[in-house]
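# Sequence and predicted structure, then a few things I'm wondering about:
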Amino acid sequence: MEIEAECERKAGAWRVRVPDSDKLLIFTKHLDLDTEQIKDLAHEYLRVDRCDAVVKVVKTMPGIVGDLVAAQEKMQEPQKLQEEASREIREVISRLRTEVLSMRDIGVLLRISPQPVAQLVD
């Protein structure tokens, strides 16, 4: 059972509530404890087995959460670009190999030694 918990920062603490149930409301100082507490309450009031409860935390901090998500996406961009570049280099090397260029010649074109070229071909 998926339980959506809305988290909102209020007066130095987090107010965590499940919109579907008035009894599933906690206040906690740290967000890392909210999931287990919500599972406990779901077990107690909704008779949901703790193992069956999956808590999806939705944080409400206007502006800040959006900025955080944007920053996290930007942090993933270099990795995506690196993976894309590696794929493209392998494709170029494959095309150069079909032109019967040696590893040494491909290395000169790529400005790397022939050993890394051989590794990129594998």
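Received the coordinates, thanks.
# what is the rounded mean pLDDT of the host helix or strand of Ile3?
Assigning secondary structure by DSSP states H and E places Ile3 in strand 2-10. Across strand 2-10, pLDDT averages out at 81.
# same thing with stretch 35-42?
82.
# swap in stretch 102-112?
Rounded mean pLDDT across stretch 102-112 is 90.
# Which residues in that stretch does the neighbour count mark as buried?
103, 106-107, 110 (16 or more other CB atoms under 10 Å). C-beta coordinates here come from the backbone N, C-alpha and C atoms, glycine included.
# Same question for stretch 50-66.
Going by 16+ other CB under 10 Å, stretch 50-66 has these buried residues: 53, 55.
# Make a markdown table from the buried residues of stretch 102-112 and add secondary structure to it.
Converted to a markdown table, the buried residues of stretch 102-112 look like this (DSSP: H, G, I helix; E, B strand; the rest coil):
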| residue | secondary structure |
| --- | --- |
| Met103 | helix |
| Ile106 | helix |
| Gly107 | helix |
| Leu110 | helix |
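# Between the residues you listed, which sits nearest Thr28?
Distance to Thr28 across these (CB to CB) is lowest for Leu110, with 54.1 Å.
# Let me see the contact set for the closest residue to the closest one other than its chain neighbours.
Excluding the flanking residues, the one nearest Leu110 by CB to CB, 6 or more residues apart in numbering is Val117, at 6.7 Å. Residues near Val117 by CB atoms under 8 Å, 6 or more residues apart in numbering: 93, 103, 106-107, 110.
# Is Val117 located within a helix, as I assumed?
Yes - using three-state DSSP, the secondary structure at Val117 is a helix.
# From the recorded domain assignment, give the ranges for this structure.
Per automatic domain parsing, the structural domains of the chain span 2-60, 78-121.
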